[in-house]
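Student: Provided below are the primary sequence and the corresponding predicted coordinates.
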Amino acid sequence: MAESATSILLQTLKDLVVYGIKMNNDAALELDLLQKELEEMNNYLQKVSEKKSGKEFRDCENDILKVVYKAEDLIESYVTQEKIAQSRTINLNLCKINLVIQMKQLRMRELRPTFENAKSQLAELSTSDESAARTKSVREVDPLDEKTVVGMVDEIDRFINDLTSSSEVEAICIVGMPGLGKSTIASAIYGDSRIIHHFPTRVWVNVSEDYKKRDIYLNIVKGFIDRDMSASQDSELARIAKKHLSQVKFLLVMDDVWTAEAWEDIKKALPINQGSGKVLVTSRHDNVAAHANPRRTVNRLRFLTSKESWSLLQVVVYDKQGDWPKDSEEIGEKISEKCGGLPLAIVVIGGILKDKLSPEETREDEWRKVFDSAESYLLNKDMVERVKSIVGLSYYKMPYYLRACFLYLGVCPKDFEISAWKLTRLWIAEGLIKEEKNSELSLEDIAEENLMELIRRNLVMVGKRNARGEAKTCRVHDVIREFCKNEALSFLKVISKSITTGAFHPEISEIPMFRRICVHSHVLDLLKQKPDGPLVRSFICFSKHEFDAEDNTLQSIVEAFKLLRVFEGSSIRFPTFDPKITQLIHLRYISLATGNLFKALPPIIVQLLNLQTLVIVTSHQTFEIRANISEMTRLRHLKTKAAIVFKPGKSHMGSNNGKVNEKLQTLGKLSTECCTEETLSKTPYLQTLGISGDVASLYNVSCFQELHCLKRLKITNVTSPENPIPRLLEKPHFPPNLETLTLSATNLEWHYMRILGLLKLKVLRLKDYAFIGDEWSADQDEFRNLRYLEIERSNLISWTMKEGCLENLKSLRLYTCEKLFAVPLGLAKSLKTLEMGNVSANAVHSAKAIEKERSGDVGAFTLILAPGTYLP
C-alpha cells in the first residue's frame, strides 16, 4: 500500500505543471529533493514488498504510509488554495514560504527517518521464517476434512472419470478460489475405492507456495525406497523418482501448487511418454492448470448448491444430516444460503453455531435470533482470523502491483456485480495503475491484465462475458470482500447506517481521518449531517437503486471533500449541473446521473484539467456538451448512452480552432450531426466510438479510415424504417483496424454484407433489422477472422454459405429470427457455442443437427436454447 501511495504522490508532483503552479526557487528545490527521496523509497518498497509480508513489514509500511499521506495532503491542499487564489487574484507568496518550511521539516524530520528506520527493521526480518509461520498457520486452520465432503458427487465423479479414462501420463487439475475445499475433494478422490482399484500405487505430496523441489522428489521416492536418500543430489532424486514411477500404474497427488515453475520442477520426476499414470494437481491459479495440461480447458471447482450447503451445515453442527430441529429448518437453510456456497464459510459458521447453541436450544425463536445475527458471524473474530489465514496467503504472495487493486474490491457492496470497464477505470483514476517503462501497453491494457490476473488466481469471479470472451462484469465472494475491507482499513472505509439506531458506522466524526469512503445507502442522510472530509480522495456510491438528489447535494459533496479525485455517483440523479464541482480540481473520475433538467455540460467543465473519465448516466435521447473537450488534455473516456451534441460556437469540439486530444480513447456516443471531419480529426487515437442519429448522413464523412486506433464501432440509426439507408460505406472508408462492429436499425440490404465480409472483424452484432430481406448468401472467403456473430430481430429466411466462409466462427447468437429456416450446417466445423431464442422449429432442428455433428467431440460444442424455445 505504501508503494502505491508513493507512486501517487510522485505523479502529483509531476502534475504541478498541469495545474500551472509557479514555484519560487526554494520551493522548486525542496520539491525536487522530495521527489528524489520518494523515488528511492518507491524502488525499495517495490523490491521488498515481493519478499516480505509479515506483521513487522505491514507495521513499517503503515509508518511510511502516514508520512507519505502527510506530504500528499500538504501539496494538494496548497494546489487547491493556489487555484482558488488565481481566480480571485490573491497573492500567495506567504503560503509558498510556509509550504517550503513545512515540506523541509516533513522531509528531514519524518520522511527520511521513517524510511531509514523501516529499512533497518526490515533488514533484520527473516523471510523464510515468516513464510514458514504462514504456511504452518494455514495447515493448522484448514477447516475442511473428509467428513465434510458433502455433495460435490458430480465433481468427484468427473475427476475420477478424467483420471481413469486413459493410461497416458498427464495432469488433471482441481482449480478454485481459497476455501472451496480443493484439497478435501482431492483427499476424497485419493481414498475412493475406484481410484484404489485403478491405481495400485498412490503418492500424496504437499507442495505449498514455498516448496523445495528436493522435498517433492524425496516424498515421491519414499513411496518406493525405505532407506534415507536425503544425501542425494536433486537431479539424482528426480531420476530415481521417474524410474520407479515408469514401472507402475500410479496416481500422484500434488496438493497446493502455486506456480508454473513449480510444475516444471514436478515434471522432471514424471515418466512422460514412458509410464502409465496420472497427476492430480490442486491449485488456486488457472495458469498452473493451463501450463500443466494445455490440452484441457481449465475447469474451476464449482460452489456448493443451496441443497449441498444446507446438508454441510447440518453435518458441521450436528455431525450428521437430519438432526436439525424440524421447526427451524427453514431458518437453517437461510443461514447456509448466506455463506454463498463456500465450504469454508459454512464450516466456520457451523462451528460458531455449534459452540453457541446447546442441543436443547431447539425452539424456533432461538434459531431466529441466530439467523438475524448470521451476518455478524461472518464478521466474527474467529471467522475473520480463519479467513485471513487462508485468503491472506494468496494476498501476501501477490506481486506488489496487484495488492492495492485487489483490496480496492472492498468498495463493492454485498452481492454486487461491477462492470469490468468501470472497475479498471477507477483503478487508473485512483493511481493504482502505473505506466510501464519501454512498453506499448496503455494504462487500460495494464489494468485489464491486472483484473485477468486476479481472475486467474480465483479471487475474482466473472459475472458476464462480452462477445470477445473477456470479463464484462465481475464480483467477489462475500468472504473475499470482507477480507479486503478488513485488510484495507487505512485504505478505504465503508460507511453504513444502522436500521435500528439510525446511527452511522463508522461515526461521521471519524470521516476526517479517512481517504476513501464508500456510502452505498442513505447518502442524503449522511450529507445532511455536513461531514467534513479534508483528506477524502474518493467518494463512492454503488446503490442498488437510483435515487433523486436534492438541489444542494452536489454542493454539499464539494464543500465536504475538497481534495476529491474520484466521485462515483452513477446511482444519484442530480437535478442540474452545479458549477461548483469545478472547484474539485483534483478530480480524475466522475460518474453521475442526470435529472429531467440536467441536459447539458457547460463550458466551465474544462476547468477539470485532471479529469480522465467522465460518465453521464441519462435517459435523455441527446445530451449537449457546450465545452471544447479537446482542451481537457487528460480526458481518456467520455461515456454516455445519449447522443452527444457539441453545441455550435467558437469553443466547441468541432470548431476549427480546437486542439487535438491525444488521450481520448472512448467517445460514446456521438450524434451523427456532430460526427464530422472536424470532430474526428481532433480525436485520432479513439479506440471506441458510438454514433447515433441519421446514419445516411455519414456518407459525407471521409475520415473514418484515418482512425487507425479505432477497434470498436457502434452505429445506431434512429430515422424512420420507411426511409432506409441507401448503401453501406465501402471497405476503404472503414477504420483499417476495426475489430468489433455493431449495427442497429440500419435497414440495409443483405448483399452489403459482402463489404463487411472483407473487413478483419472479430465481432459483428446485427440488431433491430440492421439488414432486411429474405436471403443472405455468404460468399467464399468472407468473414475469415470473425469469432462472434449476433443477429437479433431479423426477417431473414434463407441463410446459405460457401466453403471457406466464417471458417473461424466460434460463437453464434440468434434471437427473434422467427422466419429463419435453418442455420448452415457448414458452421459445425468451428462453432463452439450456439445460442437461440424466439426462432422457428426448423431453425432449432438445424441447430440440433449441428449438435449431432459435434457429438463425438465431447465438451467442444454447447447449444443454448432460451426458455420457451421449441424443442423437437
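Tutor: Received it, and whenever you're ready, just let me know what you need. Keep in mind that what you see is a predicted model, and the values were worked out from it rather than measured. Residues are numbered from 1 along each chain as shown.

Student: when you work out contacts or count neighbours from here on, use the C-alpha atoms and nothing else.
Tutor: Will do.

Student: could I get the full set of strands for the stretch 51-200 of the chain?
Tutor: 170-175 (DSSP state E, counting those that start in this stretch).

Student: pLDDT below threshold where in it?
Tutor: Applying pLDDT under 70 to the stretch 51-200 of the chain flags residues 51-54, 84-96, 125-148.

Student: in it, which spans are helices?
Tutor: 55-88, 93-106, 112-124, 127-141, 153-164, 182-190, 193-198 (DSSP state H, counting those that start in this stretch).

Student: one more: the stretch 751-872 of the chain?
Tutor: Here the stretch 751-872 of the chain has its helices, by DSSP H, counting those that start in this stretch, at 753-757, 841-853.

Student: got it, and the stretch 501-650 of the chain?
Tutor: Using DSSP H, counting those that start in this stretch, helices in the stretch 501-650 of the chain cover 523-528, 553-560.

Student: would you reformat the helices of the stretch 751-872 of the chain as JSON lines and include mean pLDDT, distance to residue 623 and mean neighbour count?
Tutor: Below are the helices of the stretch 751-872 of the chain laid out as JSON lines (pLDDT from 0 to 100; distance: least, C-alpha to C-alpha, whole Å; neighbours: other C-alpha atoms under 10 Å):
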{"stretch": "helix 753-757", "mean pLDDT": "92", "distance to residue 623": "31", "mean neighbour count": "18"}
{"stretch": "helix 841-853", "mean pLDDT": "92", "distance to residue 623": "42", "mean neighbour count": "19"}
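
Student: can I get the ones you listed in CSV with distance to residue 640?
Tutor: Converted to CSV, the helices of the stretch 751-872 of the chain look like this (distance: least, C-alpha to C-alpha, whole Å):
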stretch, distance to residue 640
helix 753-757, 27
helix 841-853, 37
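
Student: let me have the helices of the stretch 501-650 of the chain in TSV, extended by mean pLDDT and mean neighbour count.
Tutor: Below are the helices of the stretch 501-650 of the chain laid out as TSV (pLDDT from 0 to 100; neighbours: other C-alpha atoms under 10 Å):
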stretch	mean pLDDT	mean neighbour count
helix 523-528	94	15
helix 553-560	95	19
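
Student: out of the ones you listed, which gets nearest to residue 463?
Tutor: For these, the distance to residue 463 is smallest for helix 523-528, at 27.0 Å, taking C-alpha to C-alpha.

Student: closest to the centroid, which residue in the protein?
Tutor: Nearest to the mean C-alpha position of the chain, by C-alpha atoms, centre = their mean, lies residue 451 at 4.3 Å.

Student: ignoring the adjacent residues along the chain, who's closest to that one?
Tutor: Take residue 451 and drop its neighbours on the chain: the residue closest to it by C-alpha to C-alpha, 6 or more residues apart in numbering is residue 424, 7.6 Å away.

Student: so what's that neighbour up against?
Tutor: When the contact criterion is C-alpha atoms under 8 Å, 6 or more residues apart in numbering, the partners of residue 424 are 444, 447, 448, 451.

Student: ok, residue 810 next?
Tutor: Applying C-alpha under 8 Å, 6+ apart, the residues near residue 810 are 787, 788, 830, 831, 832, 833.

Student: how far away is the residue nearest to the centre of the chain from residue 402?
Tutor: Using C-alpha to C-alpha, to the nearest Å, residue 451 is found at 9 Å from residue 402.

Student: residue 469 now?
Tutor: Distance from residue 469 to residue 402, by C-alpha to C-alpha: 22 Å.

Student: mind checking which of the helices of the stretch 51-200 of the chain is nearest residue 802?
Tutor: helix 153-164 (38.3 Å).

Student: can you give me the angle the closest one makes with strand 170-175?
Tutor: Per axes from the mean of the first three to the mean of the last three C-alpha atoms, to 10 degrees, the angle that helix 153-164 makes with strand 170-175 is 160 degrees.

Student: between the contacts of residue 424, which is closest to residue 394?
Tutor: When the contacts of residue 424 are compared for distance to residue 394 (C-alpha to C-alpha), residue 451 wins out at 15.0 Å.

Student: which of the residues in stretch 336-354 are buried?
Tutor: 336-353 (16 or more other C-alpha atoms under 10 Å).

Student: the residue nearest to residue 451 belongs to a helix?
Tutor: Yes. Under DSSP: H, G, I helix; E, B strand; the rest coil, residue 424 sits within a helix.

Student: distance of it relative to residue 406?
Tutor: Applying C-alpha to C-alpha to residue 424 and residue 406 gives a distance of 11 Å.

Student: ditto for residue 843
Tutor: Distance of residue 843 to residue 406, given as C-alpha to C-alpha: 45 Å.

Student: before we move on, what about residue 226?
Tutor: 46 Å.

Student: those two: who's more crowded?
Tutor: Set residue 226 next to residue 406 and count neighbours by other C-alpha atoms under 10 Å: residue 406 wins out with 21 against 8.

Student: for that one, pull up the helix or strand it's in.
Tutor: Take DSSP states H and E as the rule and residue 406 turns out to sit in helix 400-407.

Student: name the next helix or strand downstream of that helix, please.
Tutor: strand 418-419.

Student: mind giving me the packing neighbours of that following strand?
Tutor: strand 473-475 (3 or more C-alpha pairs under 8 Å, 6 or more residues apart in numbering; DSSP states H and E).

Student: which helices and strands does the strand it packs on pack with?
Tutor: Using 3+ C-alpha pairs under 8 Å, 6+ apart: strand 473-475 touches strand 418-419, helix 420-429, strand 461-462.

Student: just put the helices of the stretch 51-200 of the chain in JSON lines and tack on mean neighbour count and distance to residue 5.
Tutor: Formatted as JSON lines, the helices of the stretch 51-200 of the chain follow (neighbours: other C-alpha atoms under 10 Å; distance: least, C-alpha to C-alpha, whole Å):
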{"stretch": "helix 55-88", "mean neighbour count": "17", "distance to residue 5": "7"}
{"stretch": "helix 93-106", "mean neighbour count": "15", "distance to residue 5": "16"}
{"stretch": "helix 112-124", "mean neighbour count": "15", "distance to residue 5": "14"}
{"stretch": "helix 127-141", "mean neighbour count": "14", "distance to residue 5": "24"}
{"stretch": "helix 153-164", "mean neighbour count": "15", "distance to residue 5": "44"}
{"stretch": "helix 182-190", "mean neighbour count": "21", "distance to residue 5": "36"}
{"stretch": "helix 193-198", "mean neighbour count": "14", "distance to residue 5": "52"}
